[in-house]
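Chemist: Please work out how this folds:
(one chain, ligands or ions: 2)
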Amino acid sequence: MREKVGRNDPCWCGSGKKYKKCHMREDEAKGGPPAEAQQTVFKGNVTSLPPVPGHIARPEYADTGRPTPTRESCLKTSDDEIARMRKACDVARQVLDTVLAAVEPGITTEALDDLAYAKTIELGAYPSPFNYQNYPRCICTSINEVVCHGIPDDRVLSEGEIVNCDISVYVNGMHGDCSETVFVGEVSPEAKRLVDSTYECMMDAIKLVEPGQPFFAIGRAIEERAKQDGYSVVRDFTGHGIGKYFHMDPQVLHYFSPRLNQRMEPGMTFTIEPMINEGTWRCRIWPDNWTAVTGDLKLSAQFEHTVLVTESGYEILTAGDDLTPWFRR
Ligand code: MF3
Ligand code: CO
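Modeler: Numbers count the residues shown, from 1 in each chain. Ligands and ions are numbered 1, 2, ... in the order given. The predicted structure is shown next:
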């Protein structure tokens, strides 16, 4: 299934140079990637999108590419804000379901993005990633060793691969954000075990959400299960508060840090989106400045929900009617 990368093959980093002219020496000096590590995803052609129709309300960065720098808290103080948040998360879920239903061998990630674009606009929403720090498309599609922020392109999905589709939308003045990893056709038992464990890591963390809980409990739970299953937790990307802005305070670490001692309060809305790796937790970023891949090119999986802290616990805002993840349906 996975091809061997030779000295004369294109480098894993997407530079277009031969591996021996690019990262081969550096990799050897670091003792990695190990012999069995094989790049399966290469930089493809990214097509630019038509502008979002004028009647759709736009987030602040839509024209400039620059989100407002903010440390504003994700705490929602009115029922109206929470209702608008539910709506945005519901739209994100509908778009995610549309995309995941279309995943099959032979489809390109760009075709998945086209579906997301059409569905998002049909539902009156703006695709949050579009032009966020100049991101060129609507969704992120992260295949196999890609940890996150894979840009949809003309690459075709093949039987045996895993792909995370990450959807965020802006509607009613709020952002909603969710993702799932699914199988492309039949996949190996190793891939199944990773995806299963990653989902359980996220759910373990979600179940802890309640007023008074310190944010470090999230990372502690995720790290504990990942370790038990023999996996590592990505540290370079985090969950985040969400609402009027795409990324708000607090930062939600997926590994344990006692410094994260802020406590959850009713009305907070944030994402939990652990990325779990088969091998090293370290990541590398392609020269496209987005695509993050595992340092050893082994598999990575991710799930994401947006949650609300309620008086008694939590509500998963991006659950839709059926919480069952697609890989188990
Ligand atoms: N869920 C991802 C995040 O919060 C979505 C990234 S969209 C991108 O980071 F535009 F930043 F790529
Ligand atoms: Co997110």
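Chemist: Any residues of this structure in contact with ligand 2? List them.
Modeler: Proximity of the chain to ligand 2 (Cβ under 5 Å from the ion) is limited to residues 177, 271. Every residue, glycine included, has its C-beta placed from N, CA and C.
Chemist: what about the residue in the chain that ligand 1 sits nearest to, neighbour count?
Modeler: Closest residue of the chain to ligand 1, Cβ to the nearest ligand atom: P129 (3.1 Å). For P129, the neighbour count with other Cβ atoms under 10 Å is 25.
Chemist: now Y170
Modeler: Y170 has 29 nearby residues by other Cβ under 10 Å.
Chemist: Any idea what it is bridged to?
Modeler: Y126, H175 (DSSP bridges).
Chemist: was I right about it contacting L123?
Modeler: No. Counting by Cβ atoms under 8 Å, Y170 does not reach L123; the two are 11.3 Å apart.
Chemist: And what about the residue nearest to Y245 when sequence neighbours are not counted, helix, strand or coil?
Modeler: Spatial nearest neighbour of Y245, excluding adjacent residues (Cβ to Cβ, 6 or more residues apart in numbering): T70 at 5.4 Å. Three-state call for T70 (DSSP: H, G, I helix; E, B strand; the rest coil): coil.
Chemist: For the nearest residue to I107 once chain neighbours are set aside, give me the pLDDT.
Modeler: Distances taken as Cβ to Cβ, 6+ apart put L157 closest to I107, at 5.6 Å, once the chain neighbours are dropped. Note on L157: pLDDT of 98.
Chemist: what's around L157, how many residues?
Modeler: When neighbours are counted by other Cβ under 10 Å, L157 registers 22.
Chemist: For it, give me the backbone phi and psi.
Modeler: phi -80, psi 140 (degrees, to the nearest 10).
Chemist: gap between it and A301?
Modeler: In this view, L157 and A301 are 15 Å apart by Cβ to Cβ, to the nearest Å.
Chemist: For the lowest-mean-pLDDT helix or strand in the chain, enumerate the helices and strands it packs against.
Modeler: Lowest by mean pLDDT, DSSP states H and E among the helices and strands of the chain is helix 24-29, with a mean of 83. Helix 24-29 is packed against no helix or strand, with contacts defined by 3 or more Cβ pairs under 8 Å, 6 or more residues apart in numbering; DSSP states H and E.
Chemist: what residues does whichever helix or strand comes after it touch?
Modeler: Moving toward the C-terminus from helix 24-29, the next helix or strand (DSSP states H and E) is helix 79-101. Residues outside helix 79-101 that contact it (Cβ atoms under 8 Å, 6 or more residues apart in numbering): 76, 112, 115-116, 119-120, 123-125, 139, 165, 167-180, 182, 243, 267, 269, 306, 308, 317-320, 326.
Chemist: quick check, K227 in a helix?
Modeler: Yes. Assigned with three-state DSSP, K227 falls within a helix.
Chemist: does the residue of the stretch 101-250 of the chain found nearest ligand 2 count as helix, strand or coil?
Modeler: Nearest residue of the stretch 101-250 of the chain to ligand 2: D177, at 4.1 Å (Cβ to the ion). Taking three-state DSSP as the rule, one finds D177 in the strand state.
Chemist: what's the helix or strand for the closest residue to it other than its chain neighbours?
Modeler: Nearest-residue entry for D177: S168, 4.3 Å, with adjacent residues in sequence omitted and distances by Cβ to Cβ, 6+ apart. Using DSSP H and E, S168 falls within strand 162-171.
Chemist: okay, that strand in CSV with CA atoms only?
Modeler: Output of strand 162-171 as CSV, limited to C-alpha atoms (Å, rounded to 0.1, in the frame of the first residue of the first chain):
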residue,chain,number,x,y,z
ILE,A,162,-7.3,7.1,6.4
VAL,A,163,-8.3,10.7,6.0
ASN,A,164,-9.4,13.4,8.4
CYS,A,165,-11.9,16.0,7.2
ASP,A,166,-11.9,19.1,9.3
ILE,A,167,-14.9,21.5,8.8
SER,A,168,-15.4,25.0,10.2
VAL,A,169,-18.1,27.4,9.3
TYR,A,170,-19.1,31.0,10.3
VAL,A,171,-22.8,31.8,10.5
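Chemist: What number of residues are in the vicinity of N164?
Modeler: Number of residues near N164 (other Cβ under 10 Å) recorded here: 27.
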